[in-house]
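Q: when you get a sec, could you give me coordinates for this:
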Amino acid sequence: MEPINVNLNNLNLITMSPMLVTLIGALVILCIDLIKPKLDKTLYITLAMLTIFIAIGANLSLGTNQRGLFDTILIDGVSLLGQLLILAGSMLFIPLALTKRRFHEFSYPEFFALFLFMIFGFQFMAASDNLILIFVGLETGSLALYTLMAMHNTRLAHEAAIKYFTMGALAAAFYAMGAVIIYAVTGSVEIYSVARILQERQNEIGMLMPVIGGGLFMIVAIGFKVSLIPFHMWTPDAYEGASAPMAGYMSIVPKVAMMVVAVRLFGVYMDLNVAIIKLTIVLLAIVTTTVANMMALVQKDVKRMLAYSSISHAGFVMVAIALNTTKGYSSIFLYYGLFMFTNLGAFTMLWISRHKYNIHHDRFHHPYEKFAGMIKLAPIPAVIMAIFMLSLAGVPPFSLFWGKMYILSAIVDAGKENSNYYIVALIMALNSAIAVYYYLKLVVYMFLKDPVDNRGKVVYANRAFSLELVVGVAAFVTITSMFYINPLMSFITDLVGASGY
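A: Numbers count the residues shown, from 1 in each chain. A predicted model of the protein is given here:
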């Protein structure tokens, strides 16, 4: 038997540099805590921010269309964009740990080590086109995220972590089954190899049904991870139990990682023109957007409303995958890039603008009544929160208006070849109009209603510099987005186009 020769040139570690940076950063934090425990948390925050900053630099320094780790890592435009959004969202989140109030989990070095391990897992998902390594990245990131949620150490946080873990376990099971079917049909777990084999054998008898079965399993798995209806189940409960900033983070970064996987995987089915997969994605997107909007309309808690809002936005973005066009794929990254600042800013505002005691509702921490008359009690936070609400509603000229316009434009362009997409565009536009109601409901409470009797308790706004910094950056991007949308979209389109999408 001949020995197996391993060519280390195929390792090409430079392609893994952004991921290795976050992995090494997490290990360094753990080692420091082992050698010198109970150091001030500012050291770990600084190390985490420095790690993410270096990882962003490493990501930007990479060229496109490179392979590494024995051809299992693919660095293309989609990978670079996905990792950049994951790292940027993490960089926006981590300064929130500088606050001296409320969240005790930020005082543990394990929090920051787990946070970097989570980023590493999501980066791995975005950078690989190997079904096995995507699964490894998915579980690495997800298990760390469940623990971070539970570290909030409240009854609701523990419940949220268990429910999110259950949903993640179901997603992992469906993903594994889908991957097994795809491997059984093609004999490969490399997505590029799967695409080539299916193109060559698509006319063989008996090939179509297993291929469709594998795709449907993958749709369910991705549906659980990005909270498509009916797979959303406990997502609002998970958001409610997590801390407000963590809920905002959960609504963006894990979904970006899974959207990259969806682009790679379903791009194969779109190229093969498998109609049932395309139709299933479109129908799920429409149902998700519509039902989530209906549910958001009747919520009594602002945090749960934002949770259903995030589900609705995920459905809105999912349509673009079925289009199989460069413009459609590019609009996904533009949308999530803008959504990242707006949604994380909105969730963070739930923390900044709050009552000292939970006095308005026995269960909910953020009922609408808490925000009544906020313009009189805290004018600047009220104005900033209103800006975030108007942006999420897609009101021009704020950021998400441009994200929605590009996705709707991509759908309309697809309608030139298939007129049914005009109906899809109309449904999505109507859903955007419906969403305006529940976003403006909060604005009405803040600006047009009198403050509710607070029973002698103090109403105040958290004035921590780190919170003001994050919210300020988010508000700045939300307001000024109109000035850089075209160059940003050109940059994204060039990277996506260079990847062959």
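Q: for the protein, which helix is longest?
A: Of all the segments of type helix in the chain, defined by DSSP state H, the longest one is helix 155-186.
Q: what is the helix or strand following it packed up against?
A: Using DSSP states H and E, the helix or strand that follows helix 155-186 in sequence is helix 191-201. Helix 191-201 sits against helix 155-186, helix 253-272, with contacts defined as 3 or more Cβ pairs under 8 Å, 6 or more residues apart in numbering; DSSP states H and E. Quick note: C-beta positions are derived from backbone N, CA and C, even for glycine.
Q: using TSV, please lay out those together with mean pLDDT and mean neighbour count.
A: Shown next, in TSV, are the helices and strands packed on helix 191-201 (pLDDT from 0 to 100; neighbours: other Cβ atoms under 10 Å):
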stretch	mean pLDDT	mean neighbour count
helix 155-186	87	18
helix 253-272	88	24
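Q: and T64, which of the ones you listed is closest to it?
A: helix 253-272 (14.4 Å; Cβ to Cβ).
Q: contacting residues for L20?
A: Under the criterion of Cβ atoms under 8 Å, 6 or more residues apart in numbering, the neighbours of L20 are L13.
Q: how about T342, nearest residue that isn't a chain neighbour?
A: The shortest distance from T342 to any non-neighbouring residue, by Cβ to Cβ, 6 or more residues apart in numbering, is to S391 (4.6 Å).
Q: what do you get for S481?
A: In space, S481 comes closest to S399 once its chain neighbours are excluded; the distance is 3.7 Å by Cβ to Cβ, 6+ apart.
Q: V319 and L488, how far apart?
A: Separation of V319 from L488 (Cβ to Cβ, to the nearest Å): 21 Å.
Q: likewise for K41?
A: K41 sits 34 Å away from L488, taking Cβ to Cβ as the criterion.
Q: what do you get for K441?
A: Shown here: K441 relative to L488, a distance of 31 Å by Cβ to Cβ.
Q: likewise M405?
A: Counting by Cβ to Cβ, the gap from M405 to L488 is 13 Å.
Q: could you give the angle of the longest helix of the chain to helix 191-201?
A: Orientation of helix 155-186 against helix 191-201 (axes from the mean of the first three to the mean of the last three Cα atoms, to 10 degrees) gives an angle of 40 degrees.
Q: who does helix 155-186 touch, helix- and strand-wise?
A: So helix 155-186, by 3+ Cβ pairs under 8 Å, 6+ apart, packs with helix 131-150, helix 191-201, helix 208-226, helix 235-241.
Q: ok now the first one, how far from the chain's centre?
A: Going by Cα atoms, centre = their mean, to the nearest Å, the spacing between the C-alpha centre of helix 131-150 and its chain's C-alpha centre is 14 Å.
Q: between V319 and L488, who's got more neighbours?
A: Comparing V319 with L488 by other Cβ atoms under 10 Å, the one with more neighbours is V319, at 28 against 16.
Q: just the C-alphas of the helix or strand hosting the more buried one, formatted as CSV.
A: Here V319 sits within helix 302-323, counting by DSSP H and E. The C-alpha trace of helix 302-323 is given here as CSV (Å, rounded to 0.1, in the frame of the first residue of the first chain):
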residue,chain,number,x,y,z
VAL,A,302,-41.3,46.1,22.4
LYS,A,303,-38.6,43.5,22.6
ARG,A,304,-41.0,40.7,21.3
MET,A,305,-42.1,43.1,18.6
LEU,A,306,-38.5,43.6,17.5
ALA,A,307,-38.1,39.8,17.6
TYR,A,308,-41.0,39.2,15.2
SER,A,309,-39.7,42.2,13.2
SER,A,310,-36.3,40.4,12.8
ILE,A,311,-38.1,37.2,11.7
SER,A,312,-40.0,39.3,9.1
HIS,A,313,-36.8,40.8,7.8
ALA,A,314,-35.2,37.4,7.4
GLY,A,315,-38.1,36.3,5.2
PHE,A,316,-37.8,39.5,3.2
VAL,A,317,-34.1,38.7,2.5
MET,A,318,-34.7,35.0,1.8
VAL,A,319,-36.6,35.9,-1.4
ALA,A,320,-33.3,37.1,-3.0
ILE,A,321,-31.8,33.6,-2.8
ALA,A,322,-34.4,32.2,-5.2
LEU,A,323,-33.7,34.9,-7.8
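Q: ranges for the helices of the stretch 351-500 of the chain?
A: Assigned by DSSP state H, counting those that start in this stretch, the stretch 351-500 of the chain shows helices spanning 374-377, 379-392, 399-414, 420-448, 465-480, 485-498.
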